[in-house]
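A.B. asks: Got a predicted structure here, sequence first:
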Amino acid sequence: MKILVLGSTGYVGSNLIPRLLREGYQVRCLVREPNKLKSDQVEVVVGDATDKTIVAKAVKGCDKIVYLIHSMNASLTQFENIDRRIAENVADEAKNDGIAQIIYLGGLGKKDINQTPHLRSRHEVGTILKSGGVPIVELRAAVIIGTGSASFEMIRALVTRLPVMICPKWVRVKTQPIAIDDVLNYIMRILGKPADSGYALDIGGADILSYRDMMVTVARHLGLRRLIIPVPVLTPWLSSHWVNWVTSVSAPLARALIESVKSETVCENDQALKMFDFKPIGFDEAVNRALNVKL
């Protein structure tokens, strides 16, 4: 079976490709910068997914698509349009080429008027992909925990460098982080199932906690004690520049990550737990694994 991975140089994609290859899948990647690929065992199509001709070339001859693209580093005035255009291209060309299934990694969170722009865009991408008529499995996840994950590395850098943190009040909002290994487990099991229908699954780890809880836990694993003080006056714009100054996370990416904290991102059902033969690990174990993996 040949799998097209879109977003192959991102965090999830770069971890997924070795799993696919180990389990005997043929892999094709659509990338703008092939030098960023960590494997030379994949077929490469060079280009931008906003170009429909390039997408058609990448899709042709594949069996399934794993869709991991989300424009986290684009400006707030651009990313929704970019995400929309890419999703429309993929939906059209997947239908034209008879793709059996698209597995899309979207975002947890309720569809309501209080959505952040990035969460709204993730939900919109899922809707666009479904409109093409190809069976879509939408995996909705919150914070992904693992070495190299932007969210995890931001938390690790903050607790490492700052003994006292003045944080926005929404660091108290609840989320359900999931370990990278469990995200990959879900994707691999879905690839192994017949592509007979589409469905959406909320996926999360064993624990529900706040960003403050996550920072305290990561600090404890690092042998540090940290004081975290939530205040109501830090806007996402100010917070993103603060994170950019303290860590290596870029300001646009930091703003996207911080914006995502404002919406509660907790699984609304346990359908994923009933469908598959494994249980996601808790946050403590996910952090332990992440801190013991070398980049």
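C.D. replies: It's in. Just so you know, these numbers come straight off a predicted model, no measurement behind them.
A.B. asks: ok, Arg156 touching Thr217?
C.D. replies: No. Assessed by Cβ atoms under 8 Å, Arg156 is found out of contact with Thr217, at 11.1 Å. To be clear about C-beta, it is placed using only N, CA and C from the backbone, and glycine gets the same treatment.
A.B. asks: Just want to know which of the two has more residues nearby.
C.D. replies: Arg156 (21 against 18; other Cβ atoms under 10 Å).
A.B. asks: How about the more buried one: what's its closest non-neighbour residue?
C.D. replies: By the measure of Cβ to Cβ, 6 or more residues apart in numbering, the closest residue to Arg156 outside its immediate chain neighbours is Val218, 5.8 Å from it.
A.B. asks: just Asn96 next, same as before
C.D. replies: Using Cβ to Cβ, 6+ apart, the closest residue to Asn96 is Ala56 (7.2 Å).
A.B. asks: all helices in this protein, in order from the N-terminus.
C.D. replies: Here the chain has its helices, by DSSP state H, at 11-22, 52-59, 79-97, 117-131, 150-161, 180-191, 211-221, 236-246, 251-261, 271-275, 283-291.
A.B. asks: Let me have the ones you listed in CSV, adding distance to Lys169 and mean pLDDT as columns.
C.D. replies: Compiled in CSV, these are given as follows (distance: least, Cβ to Cβ, whole Å; pLDDT from 0 to 100):
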stretch, distance to Lys169, mean pLDDT
helix 11-22, 28, 96
helix 52-59, 42, 97
helix 79-97, 25, 93
helix 117-131, 19, 86
helix 150-161, 16, 83
helix 180-191, 29, 97
helix 211-221, 10, 91
helix 236-246, 11, 55
helix 251-261, 10, 59
helix 271-275, 31, 92
helix 283-291, 21, 95
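A.B. asks: Quickly compare those helices and say which is most buried.
C.D. replies: helix 251-261 (a mean of 22; mean count of other Cβ atoms under 10 Å).
A.B. asks: First-to-last residue distance for stretch 68-82?
C.D. replies: 14 Å (Cα to Cα, to the nearest Å).
A.B. asks: Stretch 36-49 too?
C.D. replies: Stretch 36-49 has its terminal residues 16 Å apart, counting by Cα to Cα.
A.B. asks: ok, the residue nearest to Asn96 - contacts?
C.D. replies: By Cβ atoms under 8 Å, 6 or more residues apart in numbering, the contact set of Ala56 is Glu93, Asn96, Asp97.
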